[in-house]
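1. show me the folded form of this:
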Amino acid sequence: MADPNAREVRLAGRVVSLAPREFDLPLALASEPGRGGSVDDLLRRVWGREYAGEPQTVYVHDTYAGSMRNSRPILSTRSAS
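-> Modelled structure (predicted):
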């Protein structure tokens with residue numbers, strides 16, 4: 001369960017420590033279910049318009065967050081392109 005106001009995530013009743021982007025990416029996806037969108041759109045929404053890095057960072061953050069949840073990543077190359 002995520003609490004956006006407290007920027008806190010609980011899994012099995014325990015607080016999960018997440019870096020800001022690890023929290024923001026799933027929150028952006030959950031805030032508009034079924035919206036889809038491109039990796040570039042997620043980069044703008046989560047990292048901001050001024051982000052100049054590689055789009056692959058979206059997948060890296062998602063994979064890392066998935067490992068912390070003990071589940072698969074939320075994104076796939078097909079769903080986020």
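2. going forward, measure contacts between C-alpha atoms and count neighbours the same way
-> Will do.
3. so how far is Ala52 from the residue lying farthest from the centre of the chain?
-> Most distant from the centre of the chain: Gly13, at 20.5 Å, with distances by CA atoms, centre = their mean. Taking CA to CA, to the nearest Å as the criterion, Gly13 is separated from Ala52 by 37 Å.
4. ditto for Arg14
-> 35 Å.
5. pLDDT below threshold where in this structure?
-> Under the criterion of pLDDT under 70, the regions of the chain flagged as low confidence span 36-37, 64-81.
6. which secondary structure state does Arg49 sit in?
-> Going by DSSP: H, G, I helix; E, B strand; the rest coil, the secondary structure assigned to Arg49 is coil.
7. please report phi then psi for it.
-> Dihedral angles phi and psi of Arg49 (degrees, to the nearest 10) take the values phi -60, psi -30.
8. next secondary structure element downstream of the helix or strand harbouring Ala28?
-> Element membership for Ala28, per DSSP states H and E: helix 20-31. Per DSSP H and E, the first helix or strand lying C-terminal to helix 20-31 is helix 39-42.
9. what residues are up against Leu25?
-> By CA atoms under 8 Å, 6 or more residues apart in numbering, Leu25 lies in contact with Leu42, Val46, Val58, His61, Asp62.
10. how much space between the fourth one and Asp40?
-> His61 sits 14 Å away from Asp40, going by CA to CA.
11. tell me the contacts of Val46?
-> With contacts taken as CA under 8 Å, 6+ apart, Val46 has the following neighbours: Arg21, Asp24, Leu25, Ala28.
12. which of those count as buried?
-> Burial by neighbour count, judged by 16 or more other CA atoms under 10 Å, picks out Asp24, Leu25 from the contacts of Val46.
13. mind putting the contacts of Val46 into a markdown table with distance to Ala2?
-> Below are those laid out as a markdown table (distance: CA to CA, whole Å):
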| residue | distance to Ala2 |
| --- | --- |
| Arg21 | 14 |
| Asp24 | 11 |
| Leu25 | 12 |
| Ala28 | 12 |
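14. cool, thanks, signing off.
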